[in-house]
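Colleague: Need a 3D model of the sequence below.
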Amino acid sequence: MQRILIAALAFITLPTLARAQTPAASPAPAAAASPAAASTPDATPAPSAMTPAAATPPMSPPTPAATQPPGDEGNLPAWPGNLPAPQISLTTLELMHRKGLITDAEYAEALHDLAELGMRAKNENTLVVGRFATTMYGFAQADFIHDSTQSFLDLPGMGAIARPGTPAGELGRTMFSVRNSRIGFRIAAPEMNGIRSSGLLEMDFYGNQPSSPPKSAGYAESSFFTSPAFRVRHMLLKADTDIVNVWVGQTWGLVGWGGGFQPASMLSQGVPGELYARNPQLRIDKPVKAGPVTVEAAVAALRPPQMDSGVPDFQGGIKLSINDYKGVQSVGQTGTAISPAALAVSGGIRHFRLTDPETNPALQGVNGHIIAADVLVPIIPAKTRQPWALTFLGEAAWSSGYADQYTSLNGGAGVGAPKGISSTDYAKLADVDGMVGWSSVTHQLSTVDWRTLLVSAQLYLPPSGKLWLSGTYSNAYSDNIGEFGSSKAVFGQEIWWDAMVVADVTDSTRFGLEYDNYTEDYGDKVQGKNSRVMLTGLFIF
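Modeller: Residues are numbered from 1 along each chain as shown. Below you'll find the model as predicted:
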């Protein structure tokens, strides 16, 4: 399927690229993987069965048409006549690097951008047109899910568990979903003036749709699962230089250090207790290799959590990797890589501002903050995928006003209202919740606190490490959420754990069987519980 899509992309886009070239085009650029073949004349068509051969009008001289020789993995469509043929080939990042068509820096940056693909990244099919290289990747995912309650859809995150004694809290739910399927492109431009530019475009099918399809007027449950909306995950421009790297667009936040410390799970990320968020941003990043270690530091201004605050979300972090101390790490559902031991610290600060009608038009403001630490430790190191490799990951975070950095977390907290004002009347003035609100204790604008801890381990089994086990535990706790809602509506603690077995049947086919257990403690001491069993099949390309 991947070859067909890449060939179709080439057939559609190459005429446009070729028209931009002139007959006096410069010789083959260094990054082209293979020269165009010499043209061959078109064959004269055979006479029609309806018309005698003698009546066939004279044919004009045949027009030369370029044909594309086989690339690294098959033929591309024939190039139309009367157009100068650009240099095109189908190759891989690894082959380009071996042949010297991309530098060490370009190769390292490509693997860094595609880190979620793991070891597959270097061998992903890459279409080269002139000196532009496009790597296509993704996966088709099918999830078969049964929950013991009707609390969640296919993406549970840290949503509220239905209270026991209610229909939703007592009855189960079964879902079949393909919404986590994904497609992405990384496009690298030729280096110019010491700047190595690339773009990352990645989409899935978790787009904006009603959050509870069976109850949404005019929106059928069937279409929610069978016709999901396309959604942007990453839409990023990177301009890398030997001095500093600049990132512009939507990608991972720095808090939690992006996707480098994600636990393995067949659940759609982020799992409970995991820092997991993408936002439009402007980032400056600098990795420095110093002997046996690599140090990477970055600062970023991200989309503000509240537009009316007028202030971006500021984040920063530093990461230390031990280059030769490596282990096998699987990220999310699909990416299995050889990763170095690493320690990262990150943090952020942001501002909220809400109107107090009693002092209108004056505003009250409050700051939010977060600090997080992430670690990856190969307990049983491995420099290739092999049996008995054992890897540990951990993440701890202390935050106030940063609930949106977790998936679907608000704990039931609401904005409330200043003292003496009706919550109903004030609701039309409030444009943010789950992170900040009017405390029922202090009657001041305050942020919601959360402390989270997540630990995870992965063990790869004989004979080849293609069968492996994973387990994760997380705990999220808030000591002040009771100030932002009724005791029946808010939960101050969530405990989650999972156990999973995964089998890689082929290099492109993966199956996972997982059990998840959720527990939430509501403010009135009632405990909500949910169990999930899910079977996942993945075709990875």
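Colleague: dump the residue contacts of residue 201.
Modeller: 184-187, 234-236 (C-beta atoms under 8 Å, 6 or more residues apart in numbering). In short, each C-beta sits where N, CA and C put it, glycine included.
Colleague: beta partners for it?
Modeller: Taking DSSP bridges as the rule, residue 201 bridges to residue 185, residue 235.
Colleague: same thing with residue 249?
Modeller: residue 236, residue 281.
Colleague: Distance of it relative to residue 112?
Modeller: With the distance defined as C-beta to C-beta, to the nearest Å, residue 249 ends up 16 Å from residue 112.
Colleague: swap in residue 414?
Modeller: From residue 414 to residue 112 the distance is 41 Å (C-beta to C-beta).
Colleague: what does residue 510 give?
Modeller: 23 Å.
Colleague: okay, the two: which has more neighbours?
Modeller: It is residue 510, of residue 510 and residue 112, that has more neighbours when counted by other C-beta atoms under 10 Å, with 23 against 16.
Colleague: where does the residue nearest to that one when sequence neighbours are not counted land in three-state SS?
Modeller: Counting by C-beta to C-beta, 6 or more residues apart in numbering, residue 538 is the residue found nearest to residue 510 once chain neighbours are left out, at 4.4 Å. Reducing the assignment at residue 538 to three states with DSSP: H, G, I helix; E, B strand; the rest coil gives strand.
Colleague: quick one, domains of the protein?
Modeller: 1-15+66-130, 131-540 (automatic domain parsing).
Colleague: Tabulate those domains in JSON lines, adding columns for mean pLDDT.
Modeller: Formatted as JSON lines, the domains of the chain follow (pLDDT from 0 to 100):
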{"stretch": "domain 1-15+66-130", "mean pLDDT": "69"}
{"stretch": "domain 131-540", "mean pLDDT": "92"}
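Colleague: give the contact list for residue 390.
Modeller: Per C-beta under 8 Å, 6+ apart, neighbours of residue 390: 327, 378-380, 457-460.
Colleague: Pick the one among these closest to residue 477.
Modeller: In terms of C-beta to C-beta, no member of the contacts of residue 390 lies closer to residue 477 than residue 457, at 22.1 Å.
Colleague: Which residue, neighbours along the chain excluded, lies closest to the closest one?
Modeller: According to C-beta to C-beta, 6+ apart, the nearest residue to residue 457 is residue 392 (5.2 Å).
Colleague: which of the residues in the one helix or strand residue 353 maps to are buried?
Modeller: Assigned by DSSP states H and E, residue 353 belongs to strand 335-355. Counting neighbours by 16 or more other C-beta atoms under 10 Å, one finds that the buried residues in strand 335-355 are 335-344, 346-355.
Colleague: Next, name the residue at the spatial heart of this structure.
Modeller: In the chain, the residue lying closest to the centroid (C-alpha atoms, centre = their mean) is residue 233, at 5.6 Å.
Colleague: can I assume that one sits in a strand?
Modeller: Yes. Using three-state DSSP, the assignment for residue 233 is a strand.
Colleague: Residue 126 pairs with what?
Modeller: Beta bridges link residue 126 to residue 91, residue 135 when assigned by DSSP bridges.
Colleague: let me redo that: residue 331
Modeller: residue 335.
Colleague: same thing with residue 518?
Modeller: residue 496, residue 530.
Colleague: Could you look up the SS state of residue 122?
Modeller: Note that with three-state DSSP, the state of residue 122 is helix.
Colleague: what's the closest non-adjacent residue to it?
Modeller: In space, residue 122 comes closest to residue 94 once its chain neighbours are excluded; the distance is 4.2 Å by C-beta to C-beta, 6+ apart.
Colleague: Surely the one you found is in a strand?
Modeller: No. Using three-state DSSP, the assignment for residue 94 is helix, not a strand.
Colleague: where along the stretch 201-350 of the chain do the strands fall?
Modeller: 231-240, 245-252, 278-290, 293-302, 313-331, 335-355 (DSSP state E, counting those that start in this stretch).
Colleague: To residue 271, which of the ones you listed lies closest?
Modeller: Counting by C-beta to C-beta, residue 271 lies closest to strand 313-331 out of the strands of the stretch 201-350 of the chain; the figure is 12.1 Å.
Colleague: Run through the neighbouring helices and strands of that closest one.
Modeller: strand 293-302, strand 335-355, strand 363-380, strand 390-400, strand 449-461 (3 or more C-beta pairs under 8 Å, 6 or more residues apart in numbering; DSSP states H and E).
Colleague: so which of those strands gets nearest residue 274?
Modeller: strand 449-461 (5.6 Å).
Colleague: Just the C-alpha atoms of that closest one, please, in CSV.
Modeller: Provided in CSV are the C-alpha atoms of strand 449-461 (Å, rounded to 0.1, in the frame of the first residue of the first chain):
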residue,chain,number,x,y,z
ASP,A,449,-3.1,21.4,41.8
TRP,A,450,-2.1,18.0,40.5
ARG,A,451,0.7,15.7,41.4
THR,A,452,1.4,12.7,39.2
LEU,A,453,3.7,9.6,39.2
LEU,A,454,4.1,7.1,36.4
VAL,A,455,6.4,4.1,36.3
SER,A,456,6.7,1.5,33.5
ALA,A,457,8.8,-1.5,32.5
GLN,A,458,9.2,-3.5,29.3
LEU,A,459,10.7,-7.0,29.0
TYR,A,460,11.5,-8.7,25.7
LEU,A,461,11.3,-12.5,25.5
